[in-house]
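Engineer: missing the sequence, but the structure's below:
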DNA sequence: CGATTCCTTGACCCTCATCAAATCACGTGG
DNA sequence: CCACGTGATTTGATGAGGGTCAAGGAATCG
């Protein structure tokens, strides 16, 4: 695929690159595809590339020795995987759905980072956004009830899906959960049974409707947000 | 104070700046001091500066409408406060102890960021480290028991204190908790009662000894780490 | 010595985890 | 087409961990 046709051309790490810079990137890039459930890299693995999620959803997880697992990152299209200057993976990365990754060989990418302020700035911007998201997530993990966690998660997915279509979230919405119940549990710091029960409860209360296992219909987005415990006024702009 | 005498000279955002760059920074900087408990900025406030913690400890917190509070950042000496390019505070920042802040006016700092790759690179590096720390924290919030949370927190403080003195943590250690029980509860996603009970329990079990309210003695650092639920093998290097 | 603030301890209960089983969705081969 | 197996999800019964409410210490400051 040529960069000019890329669906994440103006949102990924390459967003501000043009002309020669873009062709430099184009030269060091290659694509990889992973099926849903496949591991991408494992904690401690040597990682000779970094890259962007082009399509699909991937997760970053950490585990304790006894197997307790916490998701610590959810990578959607345009999100960046890997840390420049570090050649060992710090987390397990897994494809949650089918994933297409636009990879850059690490060496030349690191070099280009040093030489290209554009690139470093864009990555800084993205990393700061990710840090904000992580902090929102910490509030969820530390202080929200199971019901609020589920409502928050669905509303996050709804927002991102709306953003993909360049819309404001609101009113009636139809969406597809990109995660299994187990992955949702790992995201939210819950068990899969609690996830299932709270989804059932939200359905019983008319906040959501279900369409198969992954499909969710929101009769009223605002109603869901009320259930999420968040301030209704939306917080800061990005 | 002159930058050359600064205790965080080679760890803060200015670490890689020399010569003219350093004197540029020196010109736009000024110091502020806050007493323990004082607010530094409030979420939504206009923020006309960014800066580094020189001495002391500050916290970033988020709250839900009903008052539930979660700490989302713990700023130690050399840590950076504020986001370049954003003029509204996204979090509440509070001095946990007496804090000295080295502030830079935002406008000239943003400008210098654009012009000085050094600075942007350093900030990227620091932000990536902070993201790693946030992800470790998410694992704690989502999956650890109250006892493990307390043990983890004390071990984090022990590690950082050791790092300040350029030592490896280990063996017998004496330390000072920089947070009240309430702030610890907000850090860990617990109530202050549970914090208190678990500290008592760790003391009863000989994992820690107490010296007043804030003083903690570790007879054996490794023993504490065992209680924290973390892999003993220390994880990745920074 | 009160007054205030921070911390500890106790009693009780609720949310969510655990263990177990039933149900559902789907693909496979007879 | 249907029995069967497999993995994901739901549902149920039970209990423990940690929250809530309330009271009692301890340290600090006037």
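Structural biologist: Thanks, I have it. From a predicted model like this one, the values you see are computed outputs, not experimental measurements.
Engineer: so whichever strand or helix holds residue A:61, near DNA strand D or not?
Structural biologist: Using DSSP states H and E, residue A:61 sits within strand A:58-63. No. Strand A:58-63 lies out of reach of DNA strand D by C-beta under 7 Å from any atom of the strand, never closer than 13.7 Å. Where you see a C-beta, it was placed from the backbone N, CA and C, and this is true even at glycine.
Engineer: and that strand, what does it pack onto?
Structural biologist: The contact analysis (3 or more C-beta pairs under 8 Å, 6 or more residues apart in numbering or on different chains; DSSP states H and E) places strand A:58-63 against strand A:69-75, strand A:92-95, helix A:181-188, helix B:117-143.
Engineer: now do the strands in chain A.
Structural biologist: Per DSSP state E, chain A carries strands over the ranges A:29-34, A:39-41, A:49-55, A:58-63, A:69-75, A:80-81, A:92-95, A:99-105, A:173-176, A:209-211, A:215-218.
Engineer: ok, the third one: who's next to it in the sheet?
Structural biologist: If I follow you right, that is strand A:49-55. strand A:80-81 (antiparallel), strand A:99-105 (antiparallel) (DSSP bridges).
Engineer: run through who's touching that strand.
Structural biologist: With contact meaning C-beta atoms under 8 Å, 6 or more residues apart in numbering or on different chains, strand A:49-55 is reached by A:6-8, A:12-14, A:31-32, A:75-84, A:98-106, A:109.
Engineer: quick revisit: quick one: which of the strands paired with strand A:49-55 is nearest residue B:192?
Structural biologist: Evaluated over these, closeness to residue B:192 peaks at strand A:80-81, with 38.5 Å, by C-beta to C-beta.
Engineer: what about the closest one, distance to the chain center?
Structural biologist: 10 Å (C-alpha atoms, centre = their mean, to the nearest Å).
Engineer: swap in stretch A:36-52?
Structural biologist: Distance, centroid of stretch A:36-52 to centroid of chain: 15 Å (C-alpha atoms, centre = their mean).
Engineer: for it, which positions count as buried?
Structural biologist: A:40, A:41, A:43, A:47, A:49, A:50, A:51, A:52 (16 or more other C-beta atoms under 10 Å in any protein chain shown).
Engineer: which members of those are the farthest-apart pair?
Structural biologist: Farthest apart among these by C-beta to C-beta are A:43 and A:52. That separation is 20.6 Å.
Engineer: domain ranges for chain A, per the record?
Structural biologist: Annotated domains of chain A cover A:3-134, A:144-227 [automatic domain parsing].
Engineer: please convert these to a markdown table, extending it with mean pLDDT and distance to residue B:194.
Structural biologist: Formatted as a markdown table, those follow (pLDDT from 0 to 100; distance: least, C-beta to C-beta, whole Å):
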| stretch | mean pLDDT | distance to residue B:194 |
| --- | --- | --- |
| domain A:3-134 | 95 | 19 |
| domain A:144-227 | 95 | 16 |
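Engineer: you'd agree residue A:87 is up against residue A:41?
Structural biologist: No. Contact between residue A:87 and residue A:41 fails when scored by C-beta atoms under 8 Å: they sit 11.2 Å apart.
Engineer: how about the residues of chain A by DNA strand C?
Structural biologist: Proximity of chain A to DNA strand C is confined to A:145, A:146, A:147, A:189, A:190, A:191, A:193, A:194, A:212, A:213 under the rule C-beta under 7 Å from any atom of the strand.
Engineer: spatially, which two of those residues are the most separated?
Structural biologist: Counting by C-beta to C-beta, the most remote pair of those is A:145 and A:212, 26.4 Å apart.
Engineer: neighbour count: these two, which is higher?
Structural biologist: Neighbour totals were compared for residue A:145 and residue A:212, and residue A:145 leads with 12 against 7 (other C-beta atoms under 10 Å in any protein chain shown).
Engineer: follow-up on the earlier one: let me know the closest of the buried residues of stretch A:36-52 to DNA strand D.
Structural biologist: residue A:40 (17.2 Å; C-beta to the nearest atom of the strand).
Engineer: the closest one contacts residue A:94, correct?
Structural biologist: Yes. Between residue A:40 and residue A:94 there is a contact under C-beta under 8 Å: 6.3 Å.
Engineer: overlap in contacts of those two?
Structural biologist: With C-beta under 8 Å, 6+ apart, residue A:40 and residue A:94 have common neighbours residue A:58.
Engineer: give me the number of residues near residue A:205?
Structural biologist: Using other C-beta under 10 Å, the number of residues around residue A:205 comes to 11.
Engineer: and it, backbone torsions?
Structural biologist: phi -90, psi 10 (degrees, to the nearest 10).
Engineer: need the contact list for it.
Structural biologist: Residue A:205 makes contact with no residue, according to C-beta under 8 Å, 6+ apart.
Engineer: who's in contact with residue A:113?
Structural biologist: A:84, A:119, A:120, A:123.
Engineer: out of the contacts of strand A:49-55, which are buried?
Structural biologist: Buried among the contacts of strand A:49-55 by 16+ other C-beta under 10 Å: A:6, A:8, A:12-14, A:75-84, A:99-106, A:109.
Engineer: just list the residues touching residue A:96, thanks.
Structural biologist: Going by C-beta under 8 Å, 6+ apart, the list of residues near residue A:96 reads A:36, A:56, A:57, A:58, A:59, A:74, A:178, A:179, A:180, A:183.
Engineer: repeat that with 7 Å
Structural biologist: Contacts for residue A:96 (C-beta atoms under 7 Å, 6 or more residues apart in numbering or on different chains) come out as A:36, A:57, A:58, A:59, A:178, A:179, A:183.
Engineer: still on that earlier bit, now do the strand holding residue A:61 against strand A:69-75, angle only.
Structural biologist: Orientation check (axes from the mean of the first three to the mean of the last three C-alpha atoms, to 10 degrees): strand A:58-63 against strand A:69-75 gives 150 degrees.
Engineer: neighbours of residue A:171, just the number please.
Structural biologist: For residue A:171, using other C-beta under 10 Å, the count is 10.
Engineer: which residue packs closest to it, ignoring adjacent ones?
Structural biologist: residue A:221 (6.2 Å; C-beta to C-beta, 6 or more residues apart in numbering or on different chains).
Engineer: what's the burial count for the one you found?
Structural biologist: Neighbours of residue A:221 (other C-beta under 10 Å): 19.
Engineer: which other residues reach stretch A:177-190?
Structural biologist: Residues from elsewhere that reach stretch A:177-190, judged by C-beta under 7 Å, 6+ apart: A:57, A:59, A:61, A:69-71, A:74, A:96-97, A:141, A:146, A:149, A:153, A:157, A:191-192, A:195-196, A:214, A:216, B:141-143.
Engineer: please redo it, this time with the cut-off set to 8 Å
Structural biologist: Stretch A:177-190 is contacted from outside by A:57, A:59, A:61, A:69-71, A:74, A:96-97, A:140-141, A:146, A:149-150, A:153-154, A:157, A:191-192, A:194-196, A:198, A:214-216, B:141-143, using C-beta under 8 Å, 6+ apart.
Engineer: count of residues packed around residue A:18?
Structural biologist: Counted with other C-beta under 10 Å, residues neighbouring residue A:18 total 10.
Engineer: what's the distance between it and residue A:118?
Structural biologist: Separation of residue A:18 from residue A:118 (C-beta to C-beta, to the nearest Å): 9 Å.
Engineer: next one: residue A:228
Structural biologist: The separation that residue A:228 has from residue A:118, given C-beta to C-beta, amounts to 36 Å.
Engineer: who's more crowded, those two?
Structural biologist: Counted by other C-beta under 10 Å, residue A:228 and residue A:118 do not tie: residue A:228 has more neighbours, with 21 against 17.
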